[in-house]
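In: generate a structure from the sequence data that follows.
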Amino acid sequence: MYCQRTSRREFLGLVVGSVAVGLAPASLQSKDNSFRLKYIVASSMYGRMKLSEILPEVRRAGAEYIDIWPEGHANQREQIEEMGNQQFAAMLKQHRIKLGILTRYDLGPFNLKNEIRVAKKLGGSMVICGSSGPGNLKGGALKAAVRKFLEKMKPHVAVAERIGITIGIENHGNSLIQSPDSMRWFAEFADSRHIGIALAPYHLPQAPALIARLIADLNKSLVHFYAWQYGMGCHKKLPKEQELLQMPGRGKLDFAPIISALKKINYSGWTEIFMHPVPRGIPIRQTATQVTAEINRSRLYLEACLTKVSNMEDK
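Out: Prediction:
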């Protein structure tokens, strides 16, 4: 089920082919209309560009929703504070897009109550952050710590439930919720649909079968999916073409089994094509148009994987 990486020539061929048959990239989908990947665009992919530059790109990247990031990965959250909620809402309406997520790793999991309310006020439905606690626990100690973490999250989840927001916890490196076991315990102990896992393959062993099994185990506890692989990492400054190996279709990770697993659980959350540049806060490409083209390159790859998965299931 290997879905090959796309070369530049193949990528251009896919784009030209889609135009030739009258399909914009945003309309590409699996032949199986019962399952589609629903995309969201991370503002951090554009570095610290102005929202006025980023928002027109969201639909061009095949999405209707934006995930807003703060410093030190971007500054669009701060831009909203500066312009005010009313102006931001008007900009969203102008470009026919919606807020989906407020990402707030800077706040941590126990300082989210106000941001949950802001997300609701702006029309969003999710707030994402990392977990807390040691990242080196195993066995019974890990199980107990995950249970304790979820107990401590209950006041925040109660607020989220009351106003209709979901809290996503990313499996970030060097944190309590990072290993497959920690996420499985999380799924077992979480007793609310308003908290779940925001899954980042980057922080897992780059083994498609392992990631696919984890997706199956998480099932309804999977609330967000980052289409993001390790490549050559995101901490050391690298030539751009090596840095971009974090993107789906560029690095070695085969996303076809992962997409197949998402399809099998009928995953209905967002898929966020993602990477981190080095240093943080710069765009992954020089211009907004180039960033969008890079996102679309990966989106075409993911759609090709989905088509391949669907075709194999039809045989």
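In: export stretch 148-158 to CSV, keeping only CA atoms.
Out: Extracted in CSV, the C-alpha atoms of stretch 148-158 (Å, rounded to 0.1, in the frame of the first residue of the first chain):
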residue,chain,number,x,y,z
LYS,A,148,-4.1,12.1,37.4
PHE,A,149,-3.6,14.5,34.5
LEU,A,150,-7.1,13.9,33.3
GLU,A,151,-8.5,14.4,36.8
LYS,A,152,-6.7,17.8,36.9
MET,A,153,-8.2,18.7,33.5
LYS,A,154,-11.8,18.2,34.6
PRO,A,155,-12.5,21.8,35.5
HIS,A,156,-11.3,22.9,32.1
VAL,A,157,-13.2,20.2,30.3
ALA,A,158,-16.3,21.2,32.2
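In: what ranges does the stretch 201-315 of the chain have for its helices?
Out: With DSSP state H, counting those that start in this stretch as the criterion, the stretch 201-315 of the chain has helices at 208-218, 240-243, 256-264, 288-314.
In: for the second one, what is the distance to the chain centroid?
Out: In terms of CA atoms, centre = their mean, to the nearest Å, the gap separating the centre of helix 240-243 from the centre of its chain is 20 Å.
In: next, the buried residues of it.
Out: Neighbour counts over helix 240-243 (16 or more other CB atoms under 10 Å) mark Glu243 as buried. For glycine as for every other residue, the C-beta is placed from the backbone atoms N, C-alpha and C.
In: quick one: Ser182 and Leu176 touch, right?
Out: Yes. If you go by CB atoms under 8 Å, Ser182 and Leu176 touch, sitting 6.3 Å apart.
In: and for these two, which residues touch both?
Out: Common neighbours of Ser182 and Leu176 (criterion: CB atoms under 8 Å, 6 or more residues apart in numbering): Leu137, Leu142, Val146.
In: any idea which helix or strand comes after the helix or strand hosting the second one?
Out: What it means is Leu142. Leu142 belongs to helix 139-163 when assigned by DSSP states H and E. Where DSSP H and E defines the elements, the next helix or strand beyond helix 139-163 is strand 166-170.
In: what packs against that next one?
Out: Strand 166-170 sits against strand 126-129, helix 139-163, strand 195-199, strand 222-227, with contacts defined as 3 or more CB pairs under 8 Å, 6 or more residues apart in numbering; DSSP states H and E.
In: just put those in a markdown table and tack on mean pLDDT and mean neighbour count.
Out: Below are those laid out as a markdown table (pLDDT from 0 to 100; neighbours: other CB atoms under 10 Å):
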| stretch | mean pLDDT | mean neighbour count |
| --- | --- | --- |
| strand 126-129 | 98 | 24 |
| helix 139-163 | 97 | 16 |
| strand 195-199 | 98 | 25 |
| strand 222-227 | 98 | 24 |
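In: Leu300 is nearest to which of these?
Out: Nearest to Leu300, of all these, is strand 222-227, at 12.0 Å by CB to CB.
In: so what strands line up beside the closest one?
Out: According to DSSP bridges, strand 222-227 forms sheet pairs with strand 195-199 (parallel), strand 270-273 (parallel).
In: what lies in contact with that strand?
Out: Applying CB under 8 Å, 6+ apart, the set of residues contacting strand 222-227 from outside is 101, 126, 128, 166, 168, 170, 195-202, 215, 248, 255, 262, 265, 267, 269-274, 298, 302.
In: that older thread, quick one: closest of the strands paired with strand 222-227 to Pro279.
Out: Here strand 270-273 is closest among the strands paired with strand 222-227 (CB to CB), at 20.6 Å.
In: could you check how far the closest one is from the centre of its chain?
Out: 4 Å.
In: check which residues of that strand are buried.
Out: Trp270, Thr271, Glu272, Ile273.
In: export the residues you listed as CSV, with columns for pLDDT and distance to Trp228.
Out: What follows is those, written out as CSV (pLDDT from 0 to 100; distance: CB to CB, whole Å):
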residue, pLDDT, distance to Trp228
Trp270, 98, 13
Thr271, 98, 10
Glu272, 99, 8
Ile273, 99, 8
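In: which of these sits closest to Lys220?
Out: Nearest member of the buried residues of strand 270-273 to Lys220, counting by CB to CB, is Trp270, at 15.0 Å.
In: partner residues bridging the closest one?
Out: Lys38, His224.
In: that one reaches Ile40, doesn't it?
Out: Yes. Between Trp270 and Ile40 a contact is recorded at 4.0 Å, counting by CB under 8 Å.
In: what touches both of the two?
Out: With CB under 8 Å, 6+ apart as the test, Trp270 and Ile40 both reach Tyr65, Asp67, Gly100, Ile101.
In: give me the subset of those residues lying in strands.
Out: Using DSSP state E, the members of these that fall in strands are Tyr65, Asp67, Gly100, Ile101.
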